[in-house]
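J.: sequence first, then the predicted structure, then my questions.
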Amino acid sequence: MEENSSVAKPVLVVLAVVVVIGVLSFVYWPFQKSTELQKPFYVQMLEKNKEFAHAEGLLKSGKYDEAASYFKLALDKAEGYKEEGQLKHKLAISKSLGSRPIEGIALLKEVIANENYTPMIRAYAVQQLAHLLSAYNTSEIRDEVYKDEPYKSFLAEGDYPLALRRLYEYSSSFYPLGVPELRIARWYSTEVLKLVQGGGSDEATKNNIERMKSIIRQKLVNADKYLLEISTDEQARSYTAEVLYRKGAVLGELYLAGDTSFGDPEATFKKALELSAIRAGQESAAKLRYAVFLAEMYGEERVDDIKKLLSDFYVGTKYASTNTVRSIKNEKDGTLGNRDDYLLLASMDAQFAQFLRTLGWVI
């Protein structure tokens, strides 16, 4: 009896260990699986696709052509349409910002047209097309974007600001991203300002203004919702500063039109500048739009603030390679509707005027 008992004890210990391991595995495995599923899609992709992670680093460093090569390798490993759409979109961005913008545009259109991809990535692809039109601001890019349908139908009588609004509306038809919503709102706030400054006081004009303000109000609501959505998204929250300075531009035009009920443009611009300090492209654009608002709203009264905002454009090379400067350079003919804004700034800051001359402007 004692011999059987001494044999049974080790067996019982082993069985107990096996049971404990089994219980722990039963409890921990679903928890581990649940934790993995809770990770954002972007983080999961970074962890499992080394080529994608490397390409992202290159893209953020501005090494667009090299990034494109790695995004292509990452695309070959895509699992499912969601990953494929994300990776093709990134490949298109790299090409469009690098030495092959025409190839990039073609890829963006592929993403937009593919109904298997998520509505959000298709919306971002349209947003990127519109971004290229503003950033490059050249006839070559315009011709490539608008050469086929549905894009050709957006272009009416050479009205490029209206065509851009329609392009952003196309983006929002997939998903209401912050930047497109505010670019649409900005088109309407510009129209409101024109009507107010035009002195129209008849009932039809008043109704038209209120109709457009209603659209603007909804677009601002959508943009604020987007800001909340991306606050915990490691990838998308990089748009926060841009959303804020574009919101500031909308609020600024409404201020100029005599309506302060939508919000404070200066507070919004300042918040955008706080968040854009590490991104020269966003910071330069925020400062430019803020300076335009101050010039239009206050004129010489705020000239010192205006010059402070503009100084980094002509002192040093901080903004030399930004899309902001490239767009300014190609806005001499006023295609995007910003020419008068830049001339106003030049009239208040002689050094900014000289900066425009270095870009080929005749002033």
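T.: Nice, I can see it. Just so you know, these numbers come straight off a predicted model, no measurement behind them.
J.: next, the contact list for the residue nearest to Gln354 when sequence neighbours are not counted, please.
T.: The shortest distance from Gln354 to any non-neighbouring residue, by CB to CB, 6 or more residues apart in numbering, is to Tyr314 (6.8 Å). Every C-beta, even on glycine, is put in place using the N, C-alpha and C of the backbone. By CB atoms under 8 Å, 6 or more residues apart in numbering, Tyr314 lies in contact with Gln351, Phe352, Gln354, Phe355.
J.: what's the helix or strand for the last one?
T.: Read it as Phe355. helix 350-358 (DSSP states H and E).
J.: which elements pack onto that helix?
T.: helix 303-314, helix 339-348 (3 or more CB pairs under 8 Å, 6 or more residues apart in numbering; DSSP states H and E).
J.: include mean pLDDT when you put those into a markdown table, please.
T.: Shown next, in a markdown table, are the helices and strands packed on helix 350-358 (pLDDT from 0 to 100):
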| stretch | mean pLDDT |
| --- | --- |
| helix 303-314 | 98 |
| helix 339-348 | 98 |
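J.: measure the residue nearest the centre of the chain to Glu181 for me?
T.: Geometric centre of the chain, nearest residue: Tyr239, 4.8 Å, by CA atoms, centre = their mean. Computed with CB to CB, to the nearest Å, the distance linking Tyr239 and Glu181 is 12 Å.
J.: what separation is there between Glu47 and Glu79?
T.: Counting by CB to CB - Glu47 and Glu79 are separated by 13 Å.
J.: farthest pair within the contacts of Tyr314?
T.: Spanning the widest gap among the contacts of Tyr314 are Phe352 and Gln354, at 7.3 Å by CB to CB.
J.: same drill for these two, tell me which one is more crowded.
T.: Shown here are Phe352 and Gln354; by other CB atoms under 10 Å, Phe352 has more neighbours (22 against 13).
J.: just give me how far stretch 217-228 sits from the chain centre.
T.: Stretch 217-228 sits 14 Å away from the centroid of its parent chain (CA atoms, centre = their mean, to the nearest Å).
J.: circling back to that earlier point, how far does the helix holding Phe355 sit from the chain's center?
T.: That offset, for helix 350-358, works out to 28 Å (CA atoms, centre = their mean).
J.: swap in stretch 309-329?
T.: Distance, stretch centre to chain centre, for stretch 309-329: 19 Å (CA atoms, centre = their mean).
J.: same check, this time on stretch 123-142
T.: With CA atoms, centre = their mean, you get 12 Å for stretch 123-142.
J.: that stretch: which residues count as buried?
T.: 123-138, 141-142 (16 or more other CB atoms under 10 Å).
J.: which of those fall within helices?
T.: In this view, those that belong to helices under DSSP state H are 123-136, 141-142.
J.: which residues of the stretch 1-150 of the chain score low on pLDDT?
T.: Within the stretch 1-150 of the chain, the stretches with pLDDT under 70 are 1-38.
J.: ranges for the helices of it?
T.: Using DSSP state H, counting those that start in this stretch, the helices of the stretch 1-150 of the chain run over 2-38, 41-48, 50-60, 64-75, 80-97, 101-113, 119-136, 139-145.
J.: adding distance to Arg166, write those helices out as TSV.
T.: Formatted as TSV, these follow (distance: least, CB to CB, whole Å):
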stretch	distance to Arg166
helix 2-38	39
helix 41-48	30
helix 50-60	29
helix 64-75	28
helix 80-97	20
helix 101-113	14
helix 119-136	10
helix 139-145	12
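J.: and which of the ones in helices among the buried residues of stretch 123-142 is nearest to Leu107?
T.: Closest to Leu107, out of all of these and judged by CB to CB, is Ala125, at 8.6 Å.
J.: next, Glu242: phi, psi?
T.: Phi and psi for Glu242, reported as degrees, to the nearest 10, are phi -70, psi -40.
J.: remind me which helix or strand the closest residue to it other than its chain neighbours belongs to.
T.: Among residues not flanking Glu242 along the chain, Gln282 sits closest, at 5.5 Å (CB to CB, 6+ apart). Using DSSP H and E, Gln282 falls within helix 280-298.
J.: so what does that helix touch, helix or strand wise?
T.: Secondary elements touching helix 280-298 (3+ CB pairs under 8 Å, 6+ apart): helix 240-256, helix 265-276, helix 303-314, helix 323-329, helix 339-348.
J.: average pLDDT for it?
T.: Mean per-residue pLDDT for helix 280-298: 97.
J.: got the buried residues for that helix?
T.: 280-296.
J.: so how far is it off the chain centroid?
T.: 17 Å.
J.: kindly report the same for stretch 239-248.
T.: 9 Å.
J.: do stretch 146-161 as well
T.: 22 Å.
J.: next: stretch 138-154.
T.: Worked out by CA atoms, centre = their mean, stretch 138-154 lies 20 Å from the chain centre.
J.: list the buried residues of that stretch.
T.: Thr138, Ile141, Arg142, Glu144, Val145, Tyr146, Tyr151, Phe154.
J.: what residues go with each domain of the chain?
T.: 47-175, 176-276, 301-363 (automatic domain parsing).
J.: nearest to Pro40, of these?
T.: That would be, of the domains of the chain and by CB to CB, domain 176-276, which comes in at 6.4 Å.
J.: what helix or strand is Leu227 on?
T.: helix 203-230.
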